[in-house]
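K.L.:
Could you look at this predicted model? Sequence included:
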Amino acid sequence: MNQSSIGKYRWTICGLLFFATTINYLDRQVLSLLAPDLSKTFGWTNTDYANITAVFQFVYAISLLFAGRIVDILGTKSGYTWAIIIWSLGAMMHAWSLYIGHAFVSALAWAGMAAVPFSIAGFMISRAVLAIGEAGNFPAAIKATAEYFPKKERSFATGIFNSGANVGAVLAPLTVPWIAEHWGWEIAFILIGAIGFIWLFAWRWLYNKPENNKRLSKQELEYINSDTTDVLTAAGEDTSVKGKVTWARLFGYKQTWAFIFGKFMTDGVWWFFLFWLPKYLEAQYGMVKTEIMLPLAILYSMVMFGSIGGGWFPTYFIKKGYTHYDGRMKAMLVIALFPLVVLAAQPLGGISFWIPVLLIGIGASAHQAWSANIYTTVSDMFPKKAVASVIGIGGMAGGLGGVVMSKLGGALFDHYKLLGHIQTGYTIMFAICAVSYLIAWSIMKLLVPVYKPITDL
């Protein structure tokens, strides 16, 4: 089919997913950028901050398990709508964390229960609401990609919308510290949180399922559905076999467990970079407030290229005759080698802060390249009606991996800070980040050594 006659509306949908993911990461990164100042203002230790971030990650993990199911039940349009409403409100709630915390702690005291300081309790509650909403982003976005793109374009489309995470990570340090310095930290949370409601209008106007979207041409719809049954038919499978999608059934597939282990081992690395880099620059180099704007903006600009390039990379192997899944796994093995450069961040960090920033930028870029592909392995192997549910299960595992990394980091940093060697804590954490991807790839390959799509759902 001639590409010029197909139409390009599916890329408009990809653009919507890109902007939603940008907003998603803008909202979640505000706290990490303000953490050095908020820690001083409220007297938080590294463990206190780790507990606040861990609440987000834990609630996010549990919510992802249900978010995927809810998106599959409600449909992509309604599921995404509710997700962004909840997370935008949660983001804005941070501005009133002290009042929320005071009310919560007072209620606990009235009930005769132990409590934490107002500021910690308030931020924990706000992070929990943010996490519940943000959990819907990736299940809905991956499901929309499966609906609007044939398999051969999905990793590239995923790489593009997933790069929104990096754009959000770039825009946040360029805007949040400035807003906080001039208008106060509360306004930073309110302004950034309100952006989601602007996106919501565009989403409600432009998105419908492909078969119901009048803006989509007949030719483009046929192109989107061109490979729906190709793989199953070629494999000699009975495409008429149907089954109900339940968690019990999904957990029975090795393909599900491959995704679970891949996410658990690697998502925590990204969470660590996202939530702890501002604290690292403060602890190692004394950089605070607007001083961190340029280094973080450059680092996350690098990451954007990793996401898009990583989404394109499997096509090199696919054109050589590999299946979509096998081509992605080949690409992911190569990608898994790049984070090893993070091992040199601390040994060379004494020369200039730019060296760890650039090396971590390479590692973070590799994560986004990995992420663009691991998400797409799900739509390679599972039917569309199960995609969001599997993404939710794997996302839960990734969130729990993030909890482990955050709690481990906070404990190590406080421990070595007391010994006067906080840099050792970062050396240990960077080493974990460096090797996680090779471990994850090995487990995934062991579980699913060859491409085997699910045909009985």
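P.N.:
Thanks, I have the structure now.
K.L.:
what about Ala107, how many neighbours?
P.N.:
11 (other Cβ atoms under 10 Å). In short, each C-beta sits where N, CA and C put it, glycine included.
K.L.:
in the host helix or strand of it, what counts as buried?
P.N.:
Using DSSP states H and E, Ala107 maps to helix 97-110. Neighbour counts over helix 97-110 (16 or more other Cβ atoms under 10 Å) mark Ser97, Ile100, Gly101, Phe104, Val105 as buried.
K.L.:
Closest one of these to Pro278?
P.N.:
Ser97 (18.3 Å; Cβ to Cβ).
K.L.:
my read: that closest one touches Ser126, true?
P.N.:
Yes: applying Cβ atoms under 8 Å as the test, Ser97 and Ser126 come out as touching, 5.2 Å apart.
K.L.:
residues contacting Ala411?
P.N.:
Applying Cβ atoms under 8 Å, 6 or more residues apart in numbering to Ala411 gives the contacts Thr47, Ala50.
K.L.:
er, Ile132 actually
P.N.:
With Cβ under 8 Å, 6+ apart, Ile132 has these contacts: Val59, Tyr60, Ser63, Ile86, Trp87, Gly90.
K.L.:
which strands and helices sit next to the helix holding Ala107?
P.N.:
Contacts defined by 3 or more Cβ pairs under 8 Å, 6 or more residues apart in numbering; DSSP states H and E place helix 97-110 against helix 118-134.
K.L.:
Please repeat the previous calculation with a cut-off of 10 Å.
P.N.:
helix 9-42, helix 118-134, helix 185-206 (3 or more Cβ pairs under 10 Å, 6 or more residues apart in numbering; DSSP states H and E).
K.L.:
can you tell me how far the closest residue to Tyr60 other than its chain neighbours sits from Phe161?
P.N.:
Excluding the flanking residues, the one nearest Tyr60 by Cβ to Cβ, 6 or more residues apart in numbering is Ala131, at 3.8 Å. As defined by Cβ to Cβ, to the nearest Å, Ala131 lies at a distance of 20 Å from Phe161.
K.L.:
Only the buried residues of stretch 206-222, if you could.
P.N.:
Tyr207, Asn208, Pro210, Asn213, Leu216, Glu220, Leu221.
K.L.:
Out of these, which sit inside strands?
P.N.:
Among these, no member falls in strands (DSSP state E).
K.L.:
out of those residues, who's nearest Gly309?
P.N.:
Closest to Gly309, out of all of the buried residues of stretch 206-222 and judged by Cβ to Cβ, is Glu220, at 25.7 Å.
K.L.:
so what's the closest one up against?
P.N.:
By Cβ atoms under 10 Å, 6 or more residues apart in numbering, the contact list for Glu220 reads Met1, Ser5, Ile6, Gly7, Lys8, Tyr9, Arg10, Tyr148, Pro210, Asn213.
K.L.:
export these to a markdown table and tack on pLDDT and distance to Tyr25?
P.N.:
As requested, the contacts of Glu220 are exported to a markdown table (pLDDT from 0 to 100; distance: Cβ to Cβ, whole Å):
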| residue | pLDDT | distance to Tyr25 |
| --- | --- | --- |
| Met1 | 51 | 35 |
| Ser5 | 66 | 36 |
| Ile6 | 75 | 31 |
| Gly7 | 80 | 30 |
| Lys8 | 85 | 26 |
| Tyr9 | 90 | 26 |
| Arg10 | 89 | 23 |
| Tyr148 | 89 | 22 |
| Pro210 | 88 | 27 |
| Asn213 | 86 | 27 |
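K.L.:
which of the residues you listed lies closest to Phe382?
P.N.:
Tyr148 (16.6 Å).
K.L.:
Out of the contacts of Glu220, who's the most crowded?
P.N.:
Busiest of the contacts of Glu220 [other Cβ under 10 Å] is Tyr148, holding 26 neighbours.
K.L.:
Run through the stretch 251-400 of the chain and note the low-pLDDT ranges.
P.N.:
Low-confidence segments of the stretch 251-400 of the chain (pLDDT under 70): none present.
K.L.:
and stretch 68-85, how far apart are its ends?
P.N.:
Start and end residues of stretch 68-85 are separated by 17 Å (Cα to Cα, to the nearest Å).
K.L.:
what comes up buried for that stretch?
P.N.:
Here stretch 68-85 shows 68-72, 74-77, 79-84 as buried, counting by 16+ other Cβ under 10 Å.
K.L.:
I'd assumed His415 was in contact with His421.
P.N.:
Yes: with contact defined as Cβ atoms under 10 Å, His421 reaches His415; the gap is 9.4 Å.
K.L.:
between those two, who's got more neighbours?
P.N.:
His415 (15 against 11).
K.L.:
ok, back up a step: which of the buried residues of stretch 206-222 sits closest to Ser352?
P.N.:
Once Cβ to Cβ is applied, the member of the buried residues of stretch 206-222 that ends up nearest Ser352 is Tyr207, at 46.0 Å.
K.L.:
which SSE is the closest residue to that closest one other than its chain neighbours in?
P.N.:
Nearest non-adjacent residue to Tyr207, counting by Cβ to Cβ, 6+ apart: Lys77, 5.2 Å away. Element membership for Lys77 (DSSP H and E) is helix 76-93.
K.L.:
All the helices of the stretch 351-457 of the chain, in order from the start?
P.N.:
With DSSP state H, counting those that start in this stretch, the ranges of helices along the stretch 351-457 of the chain come out as 354-381, 384-418, 422-447.
K.L.:
if we can go back for a sec, so which of the buried residues of stretch 206-222 comes closest to Ile454?
P.N.:
Pro210 (21.8 Å).
K.L.:
doesn't Lys77 make contact with that closest one?
P.N.:
No: using Cβ under 10 Å, Pro210 is not in contact with Lys77, being 11.7 Å away.
K.L.:
between those two, what contacts are shared?
P.N.:
By Cβ under 10 Å, 6+ apart, the residues touching both Pro210 and Lys77 are Ala144.
K.L.:
how much does the helix or strand containing Leu299 deviate in direction from helix 9-42?
P.N.:
In the assignment (DSSP H and E), Leu299 maps to helix 293-312. Put simply, helix 293-312 runs at 150 degrees to helix 9-42, going by axes from the mean of the first three to the mean of the last three Cα atoms, to 10 degrees.
K.L.:
ok, and for helix 293-312, which residues are buried?
P.N.:
293, 295-296, 298-300, 302-304, 306-311.
K.L.:
Also stretch 408-425?
P.N.:
Buried, per 16+ other Cβ under 10 Å, within stretch 408-425: Leu408, Gly409, Gly410, Leu412, Phe413, Asp414, Tyr416, Lys417, Ile422, Gln423, Thr424, Gly425.
K.L.:
surely the second one meets Met429?
P.N.:
Yes: under the criterion of Cβ under 10 Å, Gly409 makes contact with Met429 at 5.3 Å.
K.L.:
Overlap of the contact sets of these two?
P.N.:
Looking at what touches both Gly409 and Met429 (by Cβ under 10 Å, 6+ apart), the common residues are Phe272, Trp276, Tyr280.
K.L.:
For those residues, give me a markdown table that also has neighbour count.
P.N.:
Formatted as a markdown table, the shared contacts of Gly409 and Met429 follow (neighbours: other Cβ atoms under 10 Å):
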| residue | neighbour count |
| --- | --- |
| Phe272 | 26 |
| Trp276 | 24 |
| Tyr280 | 27 |
